[in-house]
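Novice: Predicted model follows, preceded by the sequence.
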Amino acid sequence: MTLRTSLLSGAVIVAAAPVLADPTFNRGDRNTDFEPQSDSQFRAELVSSDMELERTTVAGGLVHPWGIDVLPEDAGYLVTERSGQLRHVSEAGEMSDPIAGLPEVAAQEQGGLLDVALGPDFSSDRMIYWTYAKPVEGGFVTAAARGVLNEELTEVTEVEDIFVQTPAASAPMHFGSRIVFDGEGHVFITTGEHFTQEYRVLAQELDNTFGKVVRLNLDGSVPDDNPYVGDDSAMDEIWSYGHRNIQGAWMSDGQLWTIEHGPKGGDEINLTEAGKNYGWPEISYGAQYSGNPVGSGEAQAEGMEQPVYFWDPVIAPAGTVVYEGETFGAWSGDLLISSLHPGGIVRLVMEDGTVTAEERLVRDMGRVRDLAVDDDGTILALTDFEDGRLVRIAPAPSGN
């Protein structure tokens, strides 16, 4: 395997923050004036961690990196670049040539190579999964594929699509997408609704997979207990609908949670349950980019689910991880969300499914697309730029 050494930089120290809310941070003015259905949905107490953070660039020169997963046994990381490359990055920052065997991707606008995840049985079958913008007749779709990664980390074989969105869209926007396993032989794939006024309405219809969460068996077949199996008017693979553009997803206590981009305001966290309608584009706590109302002009409607939490103005949420580790022991069980705008990382304290506190971290990092927790408990962050970086975040050594 040919390696090229990344550009390594020295650690960057972030000054310690006070225990109370950071007085320099202001959430800003709202875009709408909708009252939340419950107080817990919006603007939880702002807090700040009483610690210094150290940031070290592990690897630079990544082209709009999008997804990351941690390989076992200190073998480094798999990182996708939206331009179409899957790379292996060692813990020391050595970055491989593109791993061979992946299909053609549509690297246009928001499309390209997206998420990557080790399969649940990777240690025995070396299966990895990824999502990507697939070029098809008539335009583009979100697709999910899987294949076997060789021991040398140079090639993926036995590649097959397990999901291909329908119909095709001419707009290379709002592809989603994340991959999550439930530990029971199923994979969830999140999608977007391709953004335009023409396409977004399809998120409310069940004869397509725009703006949906899809649930499949690991081989791409449809589980018998999916909510629309046997309904001739709906697609069997659909788990939930009425979503805008889901770029964060995770499992907690056997339940799927998702986080999606709103328009001008209205980013949402949802407890995403079988057969439920999450409202887009009929209801939203945001407004259209023009300032005009979304859909019905309301934020609540009978038969449509409310978000557990929402932001206005937005954080532009992407990769999401529940922190589990001892390095940031006080954050155990907290939700870490990468922010594209205004940037950095958002930490949420959640108790019994309710957000009780919010913190904004490393805001000067700019666009952060995905997060992972390394085996040593440090946090790995991908910055989404033409010259993107893989950055390690750890508590600063005492005495600094």
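Specialist: In hand now; what should we look at? In this text, all values refer to a predicted model and were calculated from it rather than measured experimentally.
Novice: all contacts plus neighbour counts: C-alpha atoms, from now on.
Specialist: Fine.
Novice: Let me see the contact set for residue 127.
Specialist: Residues near residue 127 by Cα atoms under 8 Å, 6 or more residues apart in numbering: 118, 119, 121, 146, 147, 148, 149.
Novice: top of those by neighbour count?
Specialist: residue 146 (26 neighbours; other Cα atoms under 10 Å).
Novice: what helix or strand does that residue sit in?
Specialist: In the assignment (DSSP states H and E), residue 146 maps to strand 139-149.
Novice: quick one: average pLDDT of the following helix or strand past that strand?
Specialist: The C-terminal neighbour of strand 139-149 among helices and strands, as given by DSSP H and E, is strand 156-164. For strand 156-164, mean pLDDT is 98.
Novice: other SSEs contacting the strand holding residue 146?
Specialist: For strand 139-149, the packing partners by 3 or more Cα pairs under 8 Å, 6 or more residues apart in numbering; DSSP states H and E come out as strand 127-136, strand 156-164.
Novice: in its sheet, what does the helix or strand following the shortest one sit against?
Specialist: For strand 156-164, the following helix or strand on the C-terminal side (DSSP H and E) is strand 179-181. Partner strands and pairing direction for strand 179-181 (DSSP bridges) are strand 186-190 (antiparallel).
Novice: any idea of the angle the strand it pairs with forms with strand 139-149?
Specialist: With axes from the mean of the first three to the mean of the last three Cα atoms, to 10 degrees applied, the angle from strand 186-190 to strand 139-149 works out at 150 degrees.
Novice: And the contacts of strand 186-190?
Specialist: Residues outside strand 186-190 that contact it (Cα under 8 Å, 6+ apart) are 144, 176-182, 211-218, 223, 246-247, 249.
Novice: before we move on, what about stretch 352-370?
Specialist: Applying Cα under 8 Å, 6+ apart, the contact partners of stretch 352-370 are 14, 40-41, 43-49, 65-68, 308-309, 318-320, 338-350, 381-385.
Novice: From those residues, list just the buried residues.
Specialist: Listed as buried from the contacts of stretch 352-370 are 14, 40-41, 43-44, 46-49, 65-68, 308-309, 318-320, 338-349, 381-385; burial here means 16 or more other Cα atoms under 10 Å.
Novice: Keep only those of those residues that are in strands.
Specialist: Per DSSP state E, strands hold the following members of the buried ones among the contacts of stretch 352-370: 14, 46, 65-68, 309, 318-320, 338-339, 344-349, 381-383.
Novice: Verify the stated contact: residue 306 with residue 300.
Specialist: Yes: counting by Cα atoms under 8 Å, residue 306 touches residue 300, with 7.0 Å between them.
Novice: returning to what we had before: closest one to residue 253 among the helices and strands packed on strand 139-149?
Specialist: Judged by Cα to Cα, the one of the helices and strands packed on strand 139-149 that comes nearest to residue 253 is strand 127-136, at 22.5 Å.
Novice: Could you check how far the closest one is from the centre of its chain?
Specialist: 15 Å (Cα atoms, centre = their mean, to the nearest Å).
Novice: For residue 143, give me its contacts.
Specialist: Contacts were defined as Cα under 8 Å, 6+ apart; by that measure residue 143 touches 131, 132, 133, 134, 161, 162, 163, 164, 165.
Novice: in a helix, that's where residue 393 is, yeah?
Specialist: No: with DSSP: H, G, I helix; E, B strand; the rest coil as the criterion, residue 393 is assigned strand and is not in a helix.
Novice: show me what contacts it?
Specialist: 53, 54, 55, 56, 378, 379, 380, 381.
Novice: tell me, how many neighbours does the second one end up with?
Specialist: Using other Cα under 10 Å, residue 54 is surrounded by 20 other residues.
Novice: Need phi/psi at it.
Specialist: When read as degrees, to the nearest 10, the backbone of residue 54 gives phi -110, psi 130.
Novice: for residue 125, same thing?
Specialist: Per-residue torsions, residue 125: phi -120, psi -10 (degrees, to the nearest 10).
Novice: which residues does the nearest residue to it once chain neighbours are set aside form a beta bridge with?
Specialist: Spatial nearest neighbour of residue 125, chain neighbours left out: residue 148 (7.2 Å); criterion: Cα to Cα, 6 or more residues apart in numbering. Residues in a beta bridge with residue 148, per DSSP bridges, are residue 127, residue 157.
Novice: and residue 148, what does it touch?
Specialist: Residues counted as contacts of residue 148 (Cα under 8 Å, 6+ apart) are 125, 126, 127, 128, 156, 157, 158, 159.
Novice: Which entries within those meet the buried criterion?
Specialist: If you count burial by 16+ other Cα under 10 Å, the buried members of the contacts of residue 148 come out as 126, 127, 128, 156, 159.
Novice: Let me know the closest of those to residue 230.
Specialist: residue 159 (29.5 Å).
Novice: could you list every residue that touches the closest one?
Specialist: Residue 159 sits next to 101, 102, 145, 146, 147, 148 when contact means Cα under 8 Å, 6+ apart.
Novice: measure it to residue 102 for me?
Specialist: With distances taken as Cα to Cα, to the nearest Å, residue 159 is found 7 Å from residue 102.
Novice: Show me where this structure dips below the pLDDT cut-off.
Specialist: For the chain, the stretches with pLDDT under 70 are 1-23, 399-400.
Novice: which residue ranges form the strands in the stretch 201-350 of the chain?
Specialist: All strands of the stretch 201-350 of the chain, identified by DSSP state E, counting those that start in this stretch, fall at 212-217, 238-241, 246-252, 255-260, 267-271, 309-311, 317-322, 335-339, 344-351.
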